[in-house]
Each structure stands twice: as structure tokens, then as C-alpha cells.
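Visitor: All I have is the shape, not the residue letters:
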């Protein structure tokens, strides 16, 4: 008689091989289960079987020799896709089994009860079965106990499956971490090369720029009497711009140095970083900054946070152009983590905002798009907004 084939046969066999249950050989835990099944049901023979494409494999056995049978001769192949225990009280009177070689010959099967090992997602992998060479019946209690042992066998298989999935996940994570580590090393090397190149170019530019400033100062000093007022004013302007170029090169070099290294994440008191930054910037007395009562503590890179504060304040002071202003800092929540807002009156900000965000307007060091890119590496967001004539700069932090 043709054996039944489960509708999910291909996936079922694939899972069986993935779990390595057949290839891994005997297992003491399954050996204990067949002993218990044999004892509870009073049968001389018991098995835990696993069924692949062609064969029935004995994962654990009691009272039988050999390692398995052909699938077409296996009683368990008929129990494989069943939701309940398959009981065959006397196979000599069952058309499915009366011509079976294990009924006609050794071990002379006269009773079989097979409980399918069905995973939670519906894959029948084998059975826990008991066998006798004499006709018999199992009591309801014995059937319940056999079913309980079946559940224990399935739980052991599911545990192995879970461990295998976890191991695969861990291996994938480790592999990804290794790839990320390699990419970070390559990125660090590239950043160092870019930083080194920038410093070299910066040093080469400083000499002629300083020469221009020195020349302008010399001409202004030694030829003051022979030059008219417009020429002297031009020399003064040339000297001033040359000195400002050197200062900007110094700032850009500092920016490139910090940007070239990976961010170092620690818990940072934003208030302490703000105080350090404003102390170093020497904010004009005409600008009053109202601090929040409580500053958020965030996990980020303190040097990147310093830059985030410094470059925005630099842009704000640049827009104020020496005008008096009241700035207000406020600790808020972005919905995804803590945030800090800087607000001040700036009637022209609504018009200028698009140009600032596009990079058309820069601080003394970098454009806002470049600053945002730098800050993203340290999990800091920067948003520009306005409410009427009030400009709003918002720093956001990931939890």
C-alpha cells in the first residue's frame, strides 16, 4: 500500500535536515523517553523515529536492533501527519499493514501505537511509538501518558531548534560586527588620510596668506605718508581679511581633526558642555542667554556635542550682527528622546532658513548640511524651525 505523504513534505524534510537530528546520532534524553514509554505502556519495544525522504531512522530504541527501516515499510509513516496517536490493535487484520514485512516476520508486530512528533508550526518529523509482538490495547491513562511523553519529545526538538536559530543569529551578528569593524577601520584610515591632506593643504595656504598680511602691514606702516586714504583703507582691509582667513583655517583644521575620529559615546550633561562652550566663545554682553532649570543628560560624543552647540551659536551671533538679543534655551522631548531648543527673535529667519539648510549660508567653519552629517554620527539631530518672528534651533538626542 502507498504510504501517505504530508502536504508540506518538502519543507518538513528540509527542517529535519536543518536540525541535524538524524546525523547527530543517539541522544540520552530520547533514550530515557523510550524507556519510560515502554514501561508505562507495558510493551517490550519503543522507538523515537525520524522520517526523511526515503528512510525511517531510529533516534532512540528499546527492544529492537538496527538503525532504521525503509520509509515504505514504516508504521510511523502513517502516523506522521496525524493530529492524534495512531493505534493499531492488531495489524494482521488491518489492510494497511497485514502484508508488512515486520508483521510477517521479525519482530512480528501485533500492536502499534505511534504519537506524531509535530512541531508548533505543523511539521511532522517522526513519532514516539510503542510496539508489541502480542495484540493488546492501551488504557486511556496510558494513552494520555504516551501523549505527555510525545509533548516532551517535541519540546526537546523545539529547544534544539531555538538554540540553532539563536546560534545562527549570533553568528550573523558576529559576522556583521566583523564587517562593520573592518568598514570602521577603513573609514578611520580614510578619515585620517583626509585629515592629514587637509592639514598639509592648510599649512601650505597659511604661509602665503600670512605673507599677504605682513606685506599689507609693512606697506601701511612704511608708506603711510605717500598713500592716500583709500589706499590705506584697502591695505587695512587686506590685512584684516588675511588674518581672518588664517583664523578660519585654524578652525577648519580643528573641525577636521574631530571629524576624522569615530565618536566616543558616553553620558554627557548638556549643561556642562554648554557652559564650557559659551565660556570659550566669549558671548557679547548684549546677548543674554536664559538657561533651562534642568539640562538633559544624553548619551553622545562630548566633542561632537560641543561642536553642535558652538557652530549653531556662531551662526546665530553671525545673524545678529552685533545686535542685542535675548536667547532662551528650553529642555523638551522630541517624542523619540530628549531635546534642547534655542529660541530668539529673528524677523528674517523664515526667509533665510531655506538657504541656511541648503548650505548657502555658513558659520565661520562649516555649512549646516555638513554639520548635520557630522552630528548624525554621534546620534544628534539638528532641526531649524520658526514660529512667527522667532527662530528655533532644536538639538535632538536618541535614547
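Guide: Nice, thanks for sending it over. Keep in mind the model is a prediction, meaning the values are calculated, not measured.
Visitor: Excluding chain neighbours, what is closest to residue 26?
Guide: Of all residues beyond its chain neighbours, the one nearest residue 26 is residue 60 (6.8 Å), with distances taken as Cβ to Cβ, 6 or more residues apart in numbering. Every C-beta, even on glycine, is put in place using the N, C-alpha and C of the backbone.
Visitor: List the buried residues of the helix or strand harbouring the one you found.
Guide: Take DSSP states H and E as the rule and residue 60 turns out to sit in strand 55-62. Neighbour-count burial for strand 55-62, counted by 16 or more other Cβ atoms under 10 Å, picks out 55, 56, 57, 58, 59, 60, 61, 62.
Visitor: I'd like to know which of these is nearest to residue 44.
Guide: residue 62 (7.9 Å; Cβ to Cβ).
Visitor: In contact with the residue nearest to residue 88 when sequence neighbours are not counted, which residues?
Guide: In space, and not counting its chain neighbours, residue 88 is closest to residue 112: 4.3 Å by Cβ to Cβ, 6+ apart. Taking Cβ atoms under 8 Å, 6 or more residues apart in numbering, we find residue 112 in contact with 75, 86, 87, 88, 91, 97, 129, 130, 131.
Visitor: On the three-state scheme, residue 112 is what?
Guide: Assigned state for residue 112: strand (three-state reduction, DSSP: H, G, I helix; E, B strand; the rest coil).
Visitor: how close does it get to residue 5?
Guide: 20 Å (Cβ to Cβ, to the nearest Å).
Visitor: May I ask you to name the longest helix in the chain?
Guide: Taking DSSP state H as the criterion, the chain has its longest helix at helix 140-222.
Visitor: The helix or strand containing residue 131: partners in the sheet, and parallel or antiparallel?
Guide: Per DSSP H and E, residue 131 falls inside strand 124-132. Strand pairing for strand 124-132, determined by DSSP bridges: strand 45-51 (antiparallel), strand 111-118 (antiparallel).
Visitor: Format those strands as CSV; extra columns: distance to residue 28 and mean pLDDT.
Guide: As requested, the strands paired with strand 124-132 are exported to CSV (distance: least, Cβ to Cβ, whole Å; pLDDT from 0 to 100):
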stretch, distance to residue 28, mean pLDDT
strand 45-51, 12, 95
strand 111-118, 17, 95
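Visitor: quick one, which of these is nearest to residue 79?
Guide: strand 111-118 (3.6 Å).
Visitor: Spatially, what comes nearest to residue 82 if we skip its sequence neighbours?
Guide: Spatial nearest neighbour of residue 82, chain neighbours left out: residue 116 (5.4 Å); criterion: Cβ to Cβ, 6+ apart.
Visitor: How about the secondary structure of the nearest residue to residue 77 once chain neighbours are set aside?
Guide: With sequence-adjacent residues excluded and distances taken as Cβ to Cβ, 6+ apart, residue 77 is closest to residue 3, at 4.4 Å. Following three-state DSSP, we place residue 3 in the coil state.
Visitor: How many neighbouring residues does residue 3 have?
Guide: 16 (other Cβ atoms under 10 Å).
Visitor: Kindly report the same for residue 81.
Guide: 18.
Visitor: what helix or strand does it sit in?
Guide: Applying DSSP H and E, one finds residue 81 in no helix or strand.
Visitor: if we can go back for a sec, give the buried subset of the contacts of residue 112 as a PyMOL selection command.
Guide: A single PyMOL command suffices to select whichever of these are buried according to 16+ other Cβ under 10 Å:
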select buried, resi 75+86+87+88+91+97+129+130+131
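Visitor: now the contacts of residue 112 as TSV including pLDDT and distance to residue 225?
Guide: Below are these laid out as TSV (pLDDT from 0 to 100; distance: Cβ to Cβ, whole Å):
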residue	pLDDT	distance to residue 225
75	94	120
86	94	118
87	95	123
88	94	124
91	93	127
97	91	125
129	96	117
130	97	120
131	96	122
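Visitor: just to revisit the earlier point, show me how far the longest helix of the chain is from its chain's centre.
Guide: How far helix 140-222 lies from its chain's middle: 10 Å, per Cα atoms, centre = their mean, to the nearest Å.
Visitor: For the stretch 201-350 of the chain, just list every one of the strands.
Guide: 266-269, 287-290, 297-300, 325-333, 338-345 (DSSP state E, counting those that start in this stretch).
Visitor: if we can go back for a sec, what's the most distant pair in the contacts of residue 112?
Guide: Farthest pair in the contacts of residue 112 (Cβ to Cβ) is 97 and 130. Separation: 15.4 Å.
Visitor: wait, what's in contact with the residue nearest to residue 86 when sequence neighbours are not counted?
Guide: Sequence neighbours aside, residue 79 is the residue nearest to residue 86 in space, at 3.8 Å (criterion: Cβ to Cβ, 6+ apart). When contacts are counted by Cβ under 8 Å, 6+ apart, residue 79 touches 85, 86, 114, 115, 116, 127, 129.
Visitor: Give me the contacts around the strand holding residue 60.
Guide: For strand 55-62, using Cβ under 8 Å, 6+ apart, the contacting residues are 21-22, 26-27, 30-31, 33-35, 38, 44-51, 64, 66-71, 73-74, 76-77, 126.
Visitor: for residue 296, what are its contacts?
Guide: 270, 331, 338, 339, 340, 397.
Visitor: which of these has the most neighbours?
Guide: residue 340 (25 neighbours).
Visitor: Quick check: bridge partners of it?
Guide: With DSSP bridges as the rule, residue 340 is bridged to residue 331, residue 395.
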